[in-house]
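>>> heads up, no residue letters with this:
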Ligand SMILES: Nc1nc2c(ncn2[C@@H]2O[C@H](COP(=O)(O)OP(=O)(O)OP(=O)(O)O)[C@@H](O)[C@H]2O)c(=O)[nH]1
Ligand SMILES: [Mg+2]
């Protein structure tokens with residue numbers, strides 16, 4: 001039994017868009033899919049699920065949303081974005097933040113509620129998974145871990161997300177595949193290359209059919 005309950009409607013959501021997009025060759029945030037930017041796809045999935053939304057990036061066309069740049073310099077990887085998200089959430093007096101990746105337009109519509117429902121202790125991290133693989137950029141993070149994460153990024157040269165997670169109490173939440181007319185879609189399908197973008201166009205058609 002646990003008496004720790006997290007209200008998903010109070011959890012700020014941060015879109016991680018601070019990477020180099022090197023495989024795509026141009027900033028993934030503004031790449032269009034079905035005529036809308038990837039950022040717009042992700043915002044329409046996230047906004048019904050969270051209280052406030054910010055975008056982790058150095059600079060981008062993010063409408064009138066707050067931009068949260070990395071605090072740790074040098075493009076230190078996704079954990080630097082998650083660190084910036086934790087600091088942002090702490091500034092809003094939130095105990096937890098949710099992160100999603102800008103290059104993943106089909107993520108589950110019940111992501112935040114299921115992650116929030118999975119944690120049973122205040123310092124527990126919840127991470128999404130599908131098909132037996134975890135997707136740590138889709139996570140629910142206690143803002144109280146910001147100091148530990150900052151120190152880890154400074155001392156751990158490899159900065160593998162999994163190595164950070166191994167220091168903490170983590171629960172994984174498995175999400176089902178999504179049936180479409182074409183085939184079953186992994187909701188965490190993510191777009192790294194121009195070929196992935198073409199595949200995403202086909203998934204979008206299949207979802208609309
Ligand atoms: N803040 C921040 N976010 C990052 C960094 N590197 C990657 N990310 C984010 O982490 C998520 C997963 O990263 P990738 O899929 O590798 O994206 P990417 O690094 O922009 O693309 P590549 O350069 O092709 O690897 C994306 O949402 C990126 O925006 C970083 O150095 N800082
Ligand atoms: Mg990368």
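Looks like it arrived, so ask away. Every value quoted in this text rests on a predicted model; they were computed, and no experiment measured them. Numbering: from 1, shown residues only. Ligands and ions are numbered 1, 2, ... in the order given.
>>> Please count neighbours and contacts with C-alpha atoms only from this point.
Will do.
>>> Tell me, how many residues neighbour the closest residue to residue 169 other than its chain neighbours?
Closest residue in space to residue 169, ignoring its immediate chain neighbours: residue 124 at 5.1 Å, by Cα to Cα, 6 or more residues apart in numbering. With neighbours defined by other Cα atoms under 10 Å, the count for residue 124 comes to 18.
>>> measure residue 124 to ligand 1 for me?
In this view, residue 124 and ligand 1 are 21 Å apart by Cα to the nearest ligand atom, to the nearest Å.
>>> Identify the single longest strand in the protein, thanks.
Longest strand in the chain by number of residues, with DSSP state E as the criterion: strand 133-142.
>>> Could you show which parts of this protein are in contact with ligand 1?
Proximity of the chain to ligand 1, by Cα under 6 Å from any ligand atom, involves residues 16-24, 56, 70, 75-78, 80-81, 101-102, 192.
>>> Of those, which belong to helices?
Among the residues of the chain next to ligand 1, the members falling in helices (DSSP state H) are 78, 80-81.
>>> closest to residue 179 among these?
Lowest distance from residue 179 to those (Cα to Cα) belongs to residue 78, with 29.4 Å.
>>> For the closest one, list the residues it contacts.
16, 18-19, 137, 161 (Cα atoms under 8 Å, 6 or more residues apart in numbering).
>>> Any of these buried? List them.
Buried by 16 or more other Cα atoms under 10 Å: 16, 18-19, 137, out of the contacts of residue 78.
>>> which residues touch the most centrally placed residue in the chain?
Nearest to the mean C-alpha position of the chain, by Cα atoms, centre = their mean, lies residue 100 at 1.6 Å. Contacts for residue 100 (Cα under 8 Å, 6+ apart) come out as 13-16, 137-139.
>>> Name the residues linked to it by a beta bridge.
Assessed by DSSP bridges, residue 100 has beta-bridge partners residue 15.
>>> that older thread, for the contacts of residue 78, point out the one with the lowest pLDDT.
Lowest pLDDT of the contacts of residue 78: residue 161, 90.
>>> and the closest residue to residue 138 other than its chain neighbours, what pLDDT?
Once flanking residues are discounted, residue 138 sits nearest to residue 100: 4.8 Å by Cα to Cα, 6+ apart. pLDDT recorded at residue 100 is 98.
>>> Same check on residue 62?
Residue 62 is assigned 76 on the pLDDT scale.
>>> if I read this right, it contacts residue 53, doesn't it?
No: Residue 62 is beyond contact range of residue 53, at 10.6 Å (criterion: Cα atoms under 8 Å).
>>> Pick out whichever of these two has more residues nearby.
residue 53 (21 against 17).
>>> and that one, how far is that from residue 15?
Relative to residue 15, residue 53 is positioned 8 Å away (criterion: Cα to Cα, to the nearest Å).
>>> Helices of the protein, start to end?
Applying DSSP H to the chain gives helices spanning 38-46, 78-91, 111-118, 146-155, 161-165, 194-208.
>>> Mind listing residues that contact the longest one?
The one in question is helix 194-208. 24, 33-34, 180-182, 185, 190-191.
>>> Setting aside sequence neighbours, what's the nearest residue to residue 188?
If the residues on either side of it in the chain are set aside, residue 188 comes closest to residue 107, at 5.4 Å by Cα to Cα, 6+ apart.
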